[in-house]
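>>> Return atomic coordinates for the entry below.
(2 chains)
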There are 2 protein chains.
Amino acid sequence: MDIASIKAAAGRLAGHARRTPLLSSPFLDEIAGRRVLVKSECLQHTGSFKFRGAYNAVAALDPDTRARGVIAFSSGNHAQGIAAAARLHGVPAVIVMPADAPQAKVDGTLGLGAEVVPYDRATEDRDAIGARIAAERGLTLIKPFDEPMVIAGQGTCGLEIAEQAAELGVTTADVLVCCGGGGLTSGIALALEATAPGLRARPAEPEGFDDVRRSLASGEIERNPALSGSLCDAIVTPQPGNLTFPIMKRLCGPGLAVSEDEALRAMGLALKHLKVVAEPGGAVALAAALFRGNEIEGDAVICTISGGNVDPAVLARAIGA
Amino acid sequence: MDIASIKAAAGRLAGHARRTPLLSSPFLDEIAGRRVLVKSECLQHTGSFKFRGAYNAVAALDPDTRARGVIAFSSGNHAQGIAAAARLHGVPAVIVMPADAPQAKVDGTLGLGAEVVPYDRATEDRDAIGARIAAERGLTLIKPFDEPMVIAGQGTCGLEIAEQAAELGVTTADVLVCCGGGGLTSGIALALEATAPGLRARPAEPEGFDDVRRSLASGEIERNPALSGSLCDAIVTPQPGNLTFPIMKRLCGPGLAVSEDEALRAMGLALKHLKVVAEPGGAVALAAALFRGNEIEGDAVICTISGGNVDPAVLARAIGA
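Residues are numbered from 1 along each chain as shown, chains lettered A, B, ... in the order given. Here you go, the predicted structure:
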C-alpha cells in the first residue's frame, strides 16, 4: 500500500464513487471552540465510505476471477459496499453477516442483490465461515480492512480531504477518523502523508472498544475485551489489522475515544446543523472533535462521518439526545 | 431576470455557496418506478437554498447602501440566508419573522447574529411591518422571492442541476421544485431554459396551499384560502409573486401537490436512503417524485430537497412515518 495504489484506486473510482462534501456549520465551530470540517461519507453510495474500498477491490480482480463472484464478512457497511460493487460489475456476492446486525443494514444488503449468510458474533468465527464458503463456491474473499485494495480504496477519501481542506485554506490540522479495523484510518493516513503533510490522521473509537488507541499507546496489537454490546456496531472489531496497524503506528497521532452518549449527541448535532444522518459508529470522530477539544491542537479540526446506516429507533434516540 | 443575471450570480456565489450534491438511491428508484435524482439543497449553507438568493442580493448592493444593513421578512429559511449573508459581509440584519415559526429557524437566525422581530402571521401584514422598520433605520428590504437578485441567485441551483444531470447522462426530465412564492422555481426554470432545454421545471406544493398549481392551471394569480396550519410552513405564501408568476407561466409544466403524510414519508425515505434531513416543505418535490409518478413522464425525474430546517418533534414523526 502506497500513494501509487491509492491514486490507481482513485482512477478506478472516478465516475463511480461520489466526491462527498466537506461540510461545516458555525454552530459546530462554536461548540468545538475551533473550526470543524466534516467529511460526510454517509453521503457516499450505500451510505458509507466502505463503497470505496469494495469497489476498488472488485474492480481490480482479473475478469475471470471476478466473474465467479465475491464473498465478504461484515457487520453491514462493508457488506453493502461489496453488494453494490458486485452488482455494478454484474457478478454474484455472498455476505457473511452477524445475526444481530441492524435490520437497516441487512435490508440494504439484500436489496442490493447479495445473498446473506448470518452467523453468531459471540460464538462463531466469521473468518472460518467465509473461507469455507469461498472455497466451496470458488468465490474471492474480500476482507473488510486487512486487504491492500480495500485500504487503497479507502485512501481515496484522504486524497479528497487533502484537496477540499486546502480549498478552504486548511493545511494544518488533526484528521479524526472513525476507526474499526483501521482500513479507512490507514488509507487516509497514507494519502495525507503524500499529499498533505500538515494533516495528521488520528483514530476515533467508542470507549470500551478502543483497541486501536490502546495499540498505538503500547506499540503492540491489543484486543478488545468484548466484541458486542456497543451501539457503535459498525466499528467494533477484535483488534487492528496486521496490515493496517503498522501503517497507523508509523503515521497516526494518538487515538481518541468517546462515550456512547457523546456519539448520540454528535448524531443529533449532525442532523440539526449539517442535515446529515450519522450512525453511532460513524459519529465518534465528530463527537471527539466536539467534546474532546482538550485532546486536540490547532485552529481547525477535520473529522469523518464514516456512515449513516442506522435503525430508526437509534436515530430517534439521537434526536432526543 | 435572464440567464446573464443568473450567471452573474454564480460568479458572486463562487467560493461562498456550496455546490450541493445530486444524490440518488436504487431504493428510491424502485419506489418511484424511474430514476430519481435529488438536488440536496438542505446541504447548502444555513440548511436551505435561500442562502443563494440572499447572498447574491446582499453582494449586489452598492457598498454604502449595504453598510447600513438589510431587512427581510421570512418564515425562516430566507431569514437565515439573509442573516448569514449579512454576517459574511459584516453588515447588520433585521428579520421580521412569524411568531409561530419553528424554533429551529428562530434559533438559527439569532445564532447567525441577526435581530428578530416577531409578528402574527394570521392578523398582521409582514410587508407593512418590514417597510416601516426599513424606513426608520435606513435598511434595504430584501424580499424573499419577488426580487430580481434573489431569483437570479436561486437560479444558480438550476445551472448546477443542468450540469450535474448531464454528467449522469440525464438531459430530458421533469425537474420538480418545492415552491412557495416561486423564487426557486422561476430561477431554476430560467436557468434550464438557457442551459438544458430538455429539462422542464414544475412546481410542487402541499395540498390546500397549492396556489401556484392553481394559478398555472387558470392562467391568473390565485390565492391560498389559508396562510397557516401547514406542516410545510417554509413554502406557505399567500400567492405567487408578480415577478415569479409570469416566468413560471411561460416556462413551467403543470404543478403537483402532495399531502402532509406524503411529505412526512418522503422525509423518512430521505433519511433512510439518502442520509439527509428534509423539512416538510422541502420534501414535497421528492414526495411528488415518489408518490405521484402517474403525473410524471420519462425514465428519470429530478427533484429538489429545498431545505432541512425542521424541529426535532417533526423529524421524529418522519422517522416513524
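>>> Ramachandran coordinates for residue A:92?
The phi and psi values for residue A:92, taken as degrees, to the nearest 10, are phi -70, psi 150.
>>> What segments of chain A are strands?
Using DSSP state E, the strands of chain A run over residues A:22-23, A:35-40, A:70-73, A:93-98, A:115-119, A:140-141, A:173-178, A:199-206, A:256-258, A:300-305.
>>> got those strands as JSON lines, with distance to residue A:15 and mean pLDDT columns?
Just so you know, the C-beta spots here come from the backbone N, C-alpha and C atoms, and that holds for glycine as well. Converted to JSON lines, these look like this (distance: least, Cβ to Cβ, whole Å; pLDDT from 0 to 100):
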{"stretch": "strand A:22-23", "distance to residue A:15": "20", "mean pLDDT": "98"}
{"stretch": "strand A:35-40", "distance to residue A:15": "20", "mean pLDDT": "98"}
{"stretch": "strand A:70-73", "distance to residue A:15": "21", "mean pLDDT": "93"}
{"stretch": "strand A:93-98", "distance to residue A:15": "21", "mean pLDDT": "91"}
{"stretch": "strand A:115-119", "distance to residue A:15": "28", "mean pLDDT": "91"}
{"stretch": "strand A:140-141", "distance to residue A:15": "24", "mean pLDDT": "94"}
{"stretch": "strand A:173-178", "distance to residue A:15": "25", "mean pLDDT": "98"}
{"stretch": "strand A:199-206", "distance to residue A:15": "26", "mean pLDDT": "98"}
{"stretch": "strand A:256-258", "distance to residue A:15": "35", "mean pLDDT": "98"}
{"stretch": "strand A:300-305", "distance to residue A:15": "23", "mean pLDDT": "98"}
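>>> What are the buried residues along stretch A:20-32?
For stretch A:20-32, burial by neighbour count (16 or more other Cβ atoms under 10 Å in any protein chain shown) applies to A:20-29, A:31-32.
>>> Oops, could you answer that again for stretch A:51-64 instead?
Residues of stretch A:51-64 classed as buried by neighbour count (16+ other Cβ under 10 Å): A:51-61.
>>> so which of these comes closest to chain B?
Nearest to chain B out of the buried residues of stretch A:51-64 is residue A:51 (Cβ to the nearest Cβ; 12.4 Å).
>>> wait, the closest one sits on residue A:42?
No. Under the criterion of Cβ atoms under 8 Å, residue A:51 makes no contact with residue A:42, lying 11.3 Å away.
>>> what about the helix or strand of chain A with the lowest mean pLDDT, near chain B?
The weakest-scoring helix or strand in chain A, judged by mean pLDDT, DSSP states H and E, is helix A:103-111 (a mean of 84). Yes. Using Cβ under 8 Å from any Cβ of the partner chain, helix A:103-111 reaches chain B at A:104, A:111.
>>> Can you say which of the strands of chain A is nearest to chain B?
strand A:22-23 (6.7 Å).
>>> Contacts for the closest one, please.
For strand A:22-23, the external contacting residues (Cβ atoms under 8 Å, 6 or more residues apart in numbering or on different chains) are A:37-40, A:160-161, A:164-165, A:168, A:274, A:276, A:302, B:43.
>>> and it, how far out from the chain's middle?
The chain centroid and the centroid of strand A:22-23 are separated by 17 Å under Cα atoms, centre = their mean, to the nearest Å.
>>> What pairs with it, parallel or antiparallel?
strand A:35-40 (antiparallel) (DSSP bridges).
>>> Report how far apart the opening and closing residues of stretch A:9-22 are.
Stretch A:9-22 has an end-to-end distance of 20 Å (Cα to Cα, to the nearest Å).
>>> partner residues bridging the closest residue to residue A:212 other than its chain neighbours?
The shortest distance from residue A:212 to any non-neighbouring residue, by Cβ to Cβ, 6 or more residues apart in numbering or on different chains, is to residue A:203 (4.5 Å). As for beta bridges, residue A:203 partners with residue A:177 under DSSP bridges.
>>> who touches residue A:203 in this structure?
A:176-177, A:179, A:182, A:185, A:212-213, A:216, A:248, A:252, A:255-256.
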